[in-house]
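In: got a predicted model here, sequence first, then my questions.
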Amino acid sequence: MEVSKGRLWAGRILSGLIGLLMLFTAVAQMTLAGDVVEQSAKYGYQAGDLRMLGIALGLAALLYLVPGTQVLGAILLTGYFGGAISTHVSHQEPFLPALVIGILVWVGLWLREPRIRDFAQMRVRL
């Protein structure tokens, strides 16, 4: 099944922006940049925890950006955002941003990958 050029590029742009945002976040976590340590400490995360989370996020983002491993990357990012949502809920904070980004991970993939649309059986006519 073919993907229209517009849908393909919309998916690539959306996925690319999300992937780059996640890579930026991963680098900030791994290098303990700015006030990342301070902000994360309020959730109970130590510096070593941040480095491990940054490595996991960076790997997931890279897998998401590579066409052959994009589905695995999306699954791993979904797990990452599930943890983020859980952390925010347990601290009675808004979790909507993490939820929206997690959904956009799959929207970007859905737009550019017909097998995802077939699997999900969500053939929306755009």
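Out: All right, it came through fine.
In: quick one: secondary structure of Gln92?
Out: Put simply, Gln92 is coil when judged by DSSP: H, G, I helix; E, B strand; the rest coil.
In: for burial, what's the neighbour tally of it?
Out: 7 (other Cβ atoms under 10 Å). Just so you know, the C-beta spots here come from the backbone N, C-alpha and C atoms, and that holds for glycine as well.
In: need phi/psi at it.
Out: Dihedral pair for Gln92: phi 50, psi 50, per degrees, to the nearest 10.
In: could you check the distance from the spatially most central residue of the chain over to Gly102?
Out: Among the residues of the chain, Leu77 comes closest to the average C-alpha position under Cα atoms, centre = their mean, at 4.3 Å. In this structure, Leu77 lies at 7 Å from Gly102, with Cβ to Cβ, to the nearest Å as the measure.
In: please enumerate the helices of the protein.
Out: Secondary structure of the chain (DSSP state H): helices located at 5-30, 36-41, 47-65, 70-90, 96-112, 114-120.
In: any regions of the chain where pLDDT drops low?
Out: Scanning the chain for pLDDT under 70 picks out 1, 120-126.
In: quick one: contacts for Ile103?
Out: Contacts for Ile103 (Cβ atoms under 8 Å, 6 or more residues apart in numbering) come out as none.
In: any idea how far His91 is from it?
Out: In this view, Ile103 and His91 are 21 Å apart by Cβ to Cβ.
In: with Leu76 instead?
Out: Counting by Cβ to Cβ, the gap from Leu76 to His91 is 23 Å.
In: out of these two, which sits in the more crowded spot?
Out: With neighbours defined as other Cβ under 10 Å, Leu76 and His91 compare such that Leu76 has more, 19 against 11.
In: residues touching the nearest residue in space to that one that is not next to it in sequence, list them.
Out: Of all residues not flanking Leu76 in the chain, Ala60 sits nearest, at 3.6 Å (Cβ to Cβ, 6 or more residues apart in numbering). Contacts for Ala60 (Cβ under 8 Å, 6+ apart) come out as Met22, Gly73, Leu76, Leu77, Gly79, Tyr80.
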